[in-house]
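**Student:** With the sequence up front, the predicted model follows.
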Amino acid sequence: MSLVSLPQDLPSILKSYLPTTNSDKKFVTLTYAQSIDARISKGPGIRTIISHPETKTMTHYLRYHHDGILIGSGTVLADDPGLNCKWAPDGSQEEIQEHSPRPIILDTSGKWKFTGSKMHELFLQQQGKPPIIIVDKIPNDKEEYVEYMLATRDIETGSLNWFSLTKKLREDYNINSIMIEGGAKVIKQLLLKPDLVNSLVITIGSTFLGKSGVEVSPDESVELSDINWWKGTTDTVMCARLSKR
Ligand SMILES: NC(=O)C1=CN([C@@H]2O[C@H](COP(=O)(O)OP(=O)(O)OC[C@H]3O[C@@H](n4cnc5c(N)ncnc54)[C@H](O)[C@@H]3O)[C@@H](O)[C@H]2O)C=CC1
Ligand SMILES: Nc1nc(O)c(N)c(N[C@@H]2O[C@H](COP(=O)(O)O)[C@@H](O)[C@H]2O)n1
């Protein structure tokens, strides 16, 4: 798949929502594409194109600027995504490979296999990196090229500790900036974490996906600040920060 050009006015809007170059500070961007009725796919397990080609290019521009890209197992199983970066200033193969983010798959119950996936194919073609899989138990039958990282859980509640997870990715793998693309279960949790998420970049496509679509509404109301809108051919992009609650 080749990309259309990046709209000229997008980088200046995105600039202050991107991780700073050469910074070793942790940076988390939550980014996804939704319909007007806040759905990110037509239904569970259905890969759905929402973004216009120009905002798809923006996603690859964002990927270029991050060390890692995280998705949940629901997304990797539904979409079989590539998660590489196809955008680079000069479009060279070397630059694309170097700047492809490291895929991070939150698959605590070990349902997904790298071998035979789109990600695997791209890795073999030197167009993408191999994944780190976050698991509750290191599997006996480890896959070649995959790195496994144990999920960090709160002792009292047993729930995933996102702060420790991003800290560990930074300390153990030098992944300072992470863009989190979804899916719905992951997004819903992170919309309630203003202390973890530095930037929010949401593409809003001009479509309604209807009641059977996968919804991304947080369990509580969420206020935003530092808001900027970009208007494209059919989509708008909202850049913002989550307000502290
Ligand atoms: N339009 C867009 O930008 C995007 C759309 N999608 C869509 O989203 C849908 C998938 O969303 P979901 O089914 O909600 O799946 P998901 O991708 O959010 O994954 C959920 C899974 O992730 C793991 N997980 C998440 N939070 C966890 C936690 N706190 N502790 C332990 N494990 C945890 C679990 O294995 C859980 O079953 C697909 O239809 C996909 O196409 C996904 C990403 C972006
Ligand atoms: N930006 C954006 N727009 C859409 O319309 C989408 N459906 C998605 N989905 C996300 O992108 C992943 C696919 O990545 P590849 O193109 O295969 O590299 C998919 O898994 C979702 O995370 N994003």
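**Tutor:** Noted; the coordinates are in hand. Ligands and ions are numbered 1, 2, ... in the order given.
**Student:** Helices of the chain, residue ranges please.
**Tutor:** 10-14, 53-64, 73-79, 93-99, 118-124, 162-173, 184-190 (DSSP state H).
**Student:** Would you mark the buried spots in the helix-or-strand element of the chain with minimal mean pLDDT?
**Tutor:** Across the helices and strands of the chain, mean pLDDT, DSSP states H and E gives its lowest value to helix 93-99, namely a mean of 88. Judged by neighbour count (16 or more other C-beta atoms under 10 Å), helix 93-99 contains these buried residues: 96-97, 99. For the C-beta atoms, the positions are set from N, CA and C on the backbone; glycine is no exception.
**Student:** related to what we said a few turns ago, could the helices of the chain go into CSV alongside distance to residue 26?
**Tutor:** Formatted as CSV, the helices of the chain follow (distance: least, C-beta to C-beta, whole Å):
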stretch, distance to residue 26
helix 10-14, 19
helix 53-64, 17
helix 73-79, 22
helix 93-99, 19
helix 118-124, 24
helix 162-173, 5
helix 184-190, 14
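**Student:** Kindly reformat those as JSON lines and extend each row with distance to ligand 1.
**Tutor:** As requested, the helices of the chain are exported to JSON lines (distance: least, C-beta to the nearest ligand atom, whole Å):
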{"stretch": "helix 10-14", "distance to ligand 1": "16"}
{"stretch": "helix 53-64", "distance to ligand 1": "8"}
{"stretch": "helix 73-79", "distance to ligand 1": "2"}
{"stretch": "helix 93-99", "distance to ligand 1": "20"}
{"stretch": "helix 118-124", "distance to ligand 1": "13"}
{"stretch": "helix 162-173", "distance to ligand 1": "8"}
{"stretch": "helix 184-190", "distance to ligand 1": "3"}
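**Student:** Least reliable of these by average pLDDT, please.
**Tutor:** Ranked by mean pLDDT, those bottom out at helix 93-99, with a mean of 88.
**Student:** Next up, the contacts around residue 232.
**Tutor:** 7, 52, 54-55 (C-beta atoms under 8 Å, 6 or more residues apart in numbering).
**Student:** Which one of the helices of the chain lies nearest to residue 151?
**Tutor:** Proximity to residue 151, assessed across the helices of the chain by C-beta to C-beta, is greatest for helix 162-173 (7.1 Å).
**Student:** Tell me the helices and strands packed up against that closest one.
**Tutor:** strand 132-135, strand 147-150 (3 or more C-beta pairs under 8 Å, 6 or more residues apart in numbering; DSSP states H and E).
**Student:** So which of the ones you listed is nearest ligand 1?
**Tutor:** Evaluated over the helices and strands packed on helix 162-173, closeness to ligand 1 peaks at strand 132-135, with 7.6 Å, by C-beta to the nearest ligand atom.
**Student:** Does that closest one reach ligand 1?
**Tutor:** No: shown here: strand 132-135 not in contact with ligand 1 (C-beta under 6 Å from any ligand atom), separated by at least 7.6 Å.
**Student:** Just the CA atoms of that strand, as PDB, please.
**Tutor:** Output of strand 132-135 as PDB, limited to C-alpha atoms (Å, rounded to 0.1, in the frame of the first residue of the first chain):
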ATOM      1  CA  ILE A 132       7.100  -7.400  22.300                       C
ATOM      2  CA  ILE A 133       4.200  -9.300  23.700                       C
ATOM      3  CA  ILE A 134       2.900  -8.500  27.200                       C
ATOM      4  CA  VAL A 135       1.800 -11.700  28.800                       C
END
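**Student:** Need the residues that contact that strand.
**Tutor:** Residues from elsewhere that reach strand 132-135 (C-beta under 8 Å, 6+ apart): 68, 102-108, 110, 112, 114, 146-151, 165, 169, 173.
**Student:** Ok, stretch 10-19 next?
**Tutor:** Contact with stretch 10-19 is made by 25, 27, 29, 58, 61-62, 65-66, 176-177, 198-201, 226, 228, 230, 237, 239, as judged by C-beta under 8 Å, 6+ apart.
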